[in-house]
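Colleague: Take a look and give me a structure for this.
(one chain, ligands or ions: 1)
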Amino acid sequence: MRVLSVVGARPNFMKLAPVDRALVKRDVEHVIVHTGQHYDAGMSADFFEQLWIPQPDHHLGVGSGTHAQQTAVAMQRLEPVISDLHPDLVLTYGDVNSTLAAALVAAKLQVPVGHVEAGLRSGDWTMPEEINRVITDRLSDVLFLPSRDAAQNLDAEGIPPERVHFVGNVMIDTLCWALPQAQALDAPARFGVSGRPYAVVTLHRPANVDDADVLRELLDALNRLARQVPVLFTVHPRTRARIEGLRLRPSTDQALQLLEPLGYLDMLSLVANAGVVITDSGGLQEETTFLGVPCLTVRPNTERPITCTHGTNRLVQPRRDAILAAAERGLRRRSPARPIIERWDGRAAERIAQVVCDGERFELDAPDAASRTPRHAVAIPQPLGAG
Ligand code: UD1
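Modeller: Modelled structure (predicted):
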């Protein structure tokens, strides 16, 4: 059996790693194609190395551009690869432009498409990721769900239930695999924050960083928070460009550290020991929930509501006072108990391999005994500081 995985951007790589290992263990010929949407070592190659992902078999060098340019170039360069290799299945991951490009090309070549992390919905059409999710799911023959609530979204869109497999969360597979190595690195000691509460920050969504007023307000909140606890802000290239564009005077307050993007293990080490995480990333909402670390997501909505209803995640408006109040609450809230979310157990990729190789089904009917996750409705979370 030949399976071809297409990845392109940083959040794809943590999802690919456990799937690659599970497929290779079953003697599947697993071809990895990297579109090159992310190309800096710190956003791409370092992740392959740390997560033990083999070098991509094909690197398409797509690079940056507008959404249409990036998607179009990825499609043009993927088409001959998929057509030459005739894989039995093309696997796509998450919700980035490379995900959509791969699903479109494979579907038009009539190659079956599998989508890892299917069914998540924010309901927010201003997010390019939401468009990518909906269309990728519609084009997919096999849909691998990270959480039970995703099934309702697919059902509402008329996706046939026999295509849907509730396998669990592959991000958590990678986290479980990497946590001992990450803890041994002791990143908090290297960043001088060992043994005390600190905040970890990542922000890169256009809604937060492309509007100068919003970005100023967010930086103001972080500077003020840094008077209380050290704040480690790992800065995405897009965000760094926008901050430089603001021409702010460098802060004299050393407690707000602006860092380059971190590798997976350093980031995990910092997050696992943080007092609070402030982010607009998708993956961090899940990782903090699994680790029991309070998380503030600076967005009006989330495609991962289970992290709010059953985890440690809270949505917050991009307003200084709302963020400060929520961060202070988060810093007080940290408890050693970790939420248990159904099938976030380190074995999701193994289930994917069972579906792909053995035709196994992972139905939605039987909730796991240990789970506290409801079988149906997950309420829609509202952001703090709204109105
Ligand atoms: C993409 C994903 C987003 C994901 C994020 C994680 C889409 C629609 N969005 O957004 O879902 O959360 O990745 O990082 O696919 N750049 C570099 N070096 C790189 C990559 C990017 O400098 O290695 C800069 C470029 O200036 C580029 C900008 O970052 O124009 C944005 O990169 P892009 O891949 O277009 O989107 P992200 O904002 O990273």
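
Colleague: hang on, isn't A255 packed against V231?
Modeller: Yes. Counting by Cβ atoms under 8 Å, V231 is a contact partner of A255 at 6.2 Å. In this view, the C-beta of every residue, glycine as well, is placed from N, C-alpha and C.

Colleague: So these two - more neighbours on which side?
Modeller: V231 (25 against 18; other Cβ atoms under 10 Å).

Colleague: if I pick the more buried one, what's in contact with it?
Modeller: Residues counted as contacts of V231 (Cβ atoms under 8 Å, 6 or more residues apart in numbering) are 198-199, 201, 222, 225, 255-257.

Colleague: The residues you listed also near the ligand: which ones?
Modeller: Residues of these in contact with the ligand (Cβ under 6 Å from any ligand atom): none.

Colleague: ok, now how distant is whatever residue of the stretch 201-350 of the chain ends up closest to the ligand from D155?
Modeller: Among all residues of the stretch 201-350 of the chain, P237 sits closest to the ligand, at 3.2 Å; criterion: Cβ to the nearest ligand atom. For P237, the distance to D155 (Cβ to Cβ, to the nearest Å) stands at 38 Å.

Colleague: Report how many residues lie close to the residue of the stretch 201-350 of the chain closest to the ligand.
Modeller: P237 - counted by other Cβ under 10 Å - has 15 other residues nearby.

Colleague: Not counting residues beside it along the chain, what's closest to it?
Modeller: D40 (6.6 Å; Cβ to Cβ, 6 or more residues apart in numbering).

Colleague: Chain neighbours aside, what residue packs nearest to F191?
Modeller: L232 (5.9 Å).

Colleague: Among the contacts of V231, which are located in strands?
Modeller: Among the contacts of V231, DSSP state E puts 199, 201, 256-257 in strands.

Colleague: Excluding sequence neighbours, find me the nearest residue to P206.
Modeller: R238 (7.9 Å).

Colleague: residues touching L139, list them.
Modeller: Contacts of L139 (Cβ under 8 Å, 6+ apart): 103-104, 106-107, 113.

Colleague: Recalculate using a threshold of 6 Å.
Modeller: Contact partners of L139, counting by Cβ atoms under 6 Å, 6 or more residues apart in numbering, are 103, 107, 113.

Colleague: Quick check on it: phi, psi?
Modeller: phi -90, psi -10 (degrees, to the nearest 10).

Colleague: Please apply the same query to the one 3 residues further on.
Modeller: Recorded main-chain torsions at V142 are phi -130, psi 120, according to degrees, to the nearest 10.

Colleague: Could you check how far it is from R2?
Modeller: Taking Cβ to Cβ, one finds V142 at 15 Å from R2.

Colleague: Likewise for R77?
Modeller: The value you get for R77 to R2, if Cβ to Cβ is used, is 19 Å.

Colleague: Could you double-check that G119 sits in contact with L154?
Modeller: Yes. G119 is in contact with L154 according to Cβ atoms under 6 Å; the separation is 4.7 Å.

Colleague: More neighbours: those two, which one.
Modeller: Remark: of G119 and L154, G119 carries more neighbours, 26 against 22, as counted by other Cβ under 10 Å.

Colleague: any idea which helix or strand carries that one?
Modeller: Using DSSP states H and E, G119 falls within no helix or strand.

Colleague: Who are the contact partners of it?
Modeller: Contacts of G119 (Cβ under 6 Å, 6+ apart): 145, 150, 153-154.

Colleague: Please identify which pair of these lies farthest apart.
Modeller: By the measure Cβ to Cβ, L145 and N153 form the most distant pair in those, at 9.3 Å.

Colleague: So the two - more neighbours on which side?
Modeller: L145 (26 against 19).

Colleague: What residues are bridge-paired with that one?
Modeller: F166 (DSSP bridges).

Colleague: Kindly report the residues of the stretch 151-300 of the chain close to the ligand.
Modeller: Going by Cβ under 6 Å from any ligand atom, the residues of the stretch 151-300 of the chain near the ligand are 204, 236-238.

Colleague: repeat that for 5 Å
Modeller: Residues of the stretch 151-300 of the chain lying close to the ligand (Cβ under 5 Å from any ligand atom) are 237-238.

Colleague: What segments of the stretch 151-300 of the chain are helices?
Modeller: 170-185, 187-190, 206-209, 212-225, 237-246, 264-272, 283-291 (DSSP state H, counting those that start in this stretch).

Colleague: and the second one, which residues are buried?
Modeller: Right, helix 187-190. 187-188 (16 or more other Cβ atoms under 10 Å).

Colleague: List the residues that contact H165.
Modeller: 144, 355, 362.

Colleague: let's go with 10 Å and repeat that
Modeller: By Cβ atoms under 10 Å, 6 or more residues apart in numbering, the contact list for H165 reads 114, 118, 142-145, 151, 351-352, 354-356, 360-364.

Colleague: one step back: most tightly surrounded among the helices of the stretch 151-300 of the chain?
Modeller: Comparing these by mean neighbour count (mean count of other Cβ atoms under 10 Å), helix 283-291 comes out on top with a mean of 24.

Colleague: could you dump it to PDB, C-alpha only?
Modeller: Below are the C-alpha coordinates for helix 283-291, written out as PDB (Å, rounded to 0.1, in the frame of the first residue of the first chain):
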ATOM      1  CA  GLY A 283      -2.700  23.600  18.700                       C
ATOM      2  CA  LEU A 284      -1.800  25.400  21.900                       C
ATOM      3  CA  GLN A 285      -5.400  25.400  23.000                       C
ATOM      4  CA  GLU A 286      -5.300  21.600  22.900                       C
ATOM      5  CA  GLU A 287      -1.800  21.100  24.300                       C
ATOM      6  CA  THR A 288      -2.600  23.400  27.300                       C
ATOM      7  CA  THR A 289      -5.800  21.500  28.000                       C
ATOM      8  CA  PHE A 290      -4.000  18.200  28.000                       C
ATOM      9  CA  LEU A 291      -1.400  19.600  30.300                       C
END
